[in-house]
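Participant: Let me see the structure of the following:
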Amino acid sequence: MKPWALLSILLLALVHDLAGEVSVATVRSAAAYSASHGGKSFLALQGGRTLFEQSVREPRKIYSGTKAFWNLAGLAAAEDGLLNLDEHVVDTIPSWRNDPRKAKITIRQLLDFSAGLEPIFSLHNDNPGDRDRIAIGGSIVASPGSAFIYGPSSLQVFDRVLKEKLHGESTTRYLERRVLRRLGLGAQRYLKDSAGNPLLAAGWKLSARQWAKIGELVLRDGSPVISSNSLAQCWRGSSANRAFSLGWWNNRSAPAGREFDFEDMLVPKWPRQNWSGACICRDAPSDLVACIGSGYQRLYVIPSLQLVVVRHGSFKRFSDGQFLRLLLGK
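Facilitator: Numbers count the residues shown, from 1 in each chain. Model prediction:
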């Protein structure tokens, strides 16, 4: 064998070892666990290769998985020069000048749920009225940057900000043009209110194959929608919750972090939640990131393993930690 050919083989082997390989046996174990705990679909991709799939073509509700797509639109808008994530919202919504705390809120804090706004969960209702107007008029209950308050109001304020920045183009049209088409997706289930405002916090239905497209974007460092520098902002967390930023939950605190059920933590009112040292799974790589939807809808991405995993749940009890340990053979 010629020296250059041997070198090529060795380099390929090295790349393979660095990326690691998840065995089909452990993937099947994770899929079996998912199915026994209410799983309705399952898809595991590594390096673009399908390791295992079950019911991957049927669209199902992803609930808060919707948020990551709208955050991509926010990052794209920043790249397009339409806005700066660290600018103050009051520059676009002047009525907030009357409230000294609201006047300090930035666009990034809206997207990180660290703005201090009351969550207003009634905005999830089919037609609560003008969602954007209600959210803008809502109360501020904590100083900006001091608390993680997960709920639809912050994103509805962002909808109004983006709408104003677009000068006539709707936010859904911008999302479709700038994000969804580049991912090979079309218009979505926006749950618009009587004023035509989409619900940004939830509402979409995607098949496992469709949802995996945003996971594959992560493996491509944001391509073809945003740059790697923009995407990296999703992993840094906020001062209020190190484990969440721009629609994504992260595992940065692993292996020494505090593992618990994130959905359980979101049930109590925000003052009783404790996100200190939070991690999704202590035994999973620290570069693991996830989109989390109610009822245990999950999209996991592990860039170091070139791995994307999707499962749709049915609200039956499920453990991220146990699932990921089975998946990774831990």
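Participant: Just give me the neighbour total for G196.
Facilitator: The burial metric for G196, expressed as a neighbour count using other CB atoms under 10 Å, is 14. All C-beta spots, glycine's among them, are computed from the backbone N, C-alpha and C.
Participant: Now it. Nearest residue, chain neighbours left out?
Facilitator: Excluding its sequence neighbours, the residue lying closest to G196 (CB to CB, 6 or more residues apart in numbering) is S170, at 7.7 Å.
Participant: Can you give me the distance of the one you found to L162?
Facilitator: S170 is 10 Å from L162, where distance means CB to CB, to the nearest Å.
Participant: Comparing those two, which residue is more hemmed in?
Facilitator: The neighbour comparison of S170 against L162 (other CB under 10 Å) goes to L162, with 23 against 17.
Participant: List phi and psi for that one.
Facilitator: Note on L162: backbone dihedrals following degrees, to the nearest 10 are phi -60, psi -40.
Participant: from what I can see the residue nearest to G196 touches E164, true?
Facilitator: No. Using CB atoms under 8 Å, S170 makes no contact with E164, being 11.9 Å away.
Participant: low-scoring stretches of this structure, by residue?
Facilitator: Counting by pLDDT under 70, the chain shows low-confidence ranges at 1-19.
Participant: ranges for the strands of it?
Facilitator: With DSSP state E, the ranges of strands along the chain come out as 41-46, 49-54, 60-61, 205-206, 244-245, 248-250, 258-259, 278-279, 289-293, 297-302, 307-312.
Participant: Can you give the contact residues for the last one?
Facilitator: Taking contacts as CB atoms under 8 Å, 6 or more residues apart in numbering, the residues outside strand 307-312 that touch it are 22, 30, 34, 39-46, 55-56, 60-62, 208, 211-212, 215-216, 218-219, 296-301, 323, 327.
Participant: Compute the distance between the closest residue in space to V225 that isn't next to it in sequence and R220, please.
Facilitator: Leaving out its chain neighbours, the residue that sits closest to V225 by CB to CB, 6+ apart is R182, at 5.0 Å. Using CB to CB, R182 is found at 11 Å from R220.
Participant: Which one of the two is surrounded by more residues?
Facilitator: More neighbours sit around R182 than around the other of R182 and R220, counting by other CB under 10 Å; the figures are 17 against 13.
Participant: show me the contacts for the nearest residue to R108 once chain neighbours are set aside.
Facilitator: The shortest distance from R108 to any residue that is not its chain neighbour, by CB to CB, 6+ apart, is 4.1 Å, and that residue is L85. By CB under 8 Å, 6+ apart, L85 lies in contact with 74-75, 78, 106-108, 111, 233.
Participant: Highest neighbour count among those residues?
Facilitator: Counting by other CB under 10 Å, G74 has the largest number of neighbours within the contacts of L85, with 28 neighbours.
Participant: my guess is that one meets D159, correct?
Facilitator: No. The pair G74 and D159 fails to qualify as a contact (CB under 8 Å) at a distance of 10.3 Å.
Participant: Quick check, L185 in contact with K213.
Facilitator: Yes. Under the contact definition of CB under 8 Å, L185 touches K213, with a separation of 6.4 Å.
Participant: And the strands of the chain: which comes nearest E176?
Facilitator: Judged by CB to CB, the one of those that comes nearest to E176 is strand 205-206, at 14.3 Å.
Participant: what's that closest one in contact with?
Facilitator: Judged by CB under 8 Å, 6+ apart, the contacts made with strand 205-206 from elsewhere in the structure are 59-62, 65, 185, 188-189.
Participant: Which of these sits closest to E259?
Facilitator: Taking CB to CB as the measure, G65 is the one of these closest to E259, at 21.1 Å.
Participant: which ones are touching the closest one?
Facilitator: G65 makes contact with 204, 206, 211, 291-293, 297, 299, according to CB under 8 Å, 6+ apart.
Participant: give the contact list for the closest residue to V218 other than its chain neighbours.
Facilitator: Of all residues beyond its chain neighbours, the one nearest V218 is V301 (4.6 Å), with distances taken as CB to CB, 6+ apart. Neighbour list for V301: 215, 218-219, 288-290, 307-309 [criterion: CB under 8 Å, 6+ apart].
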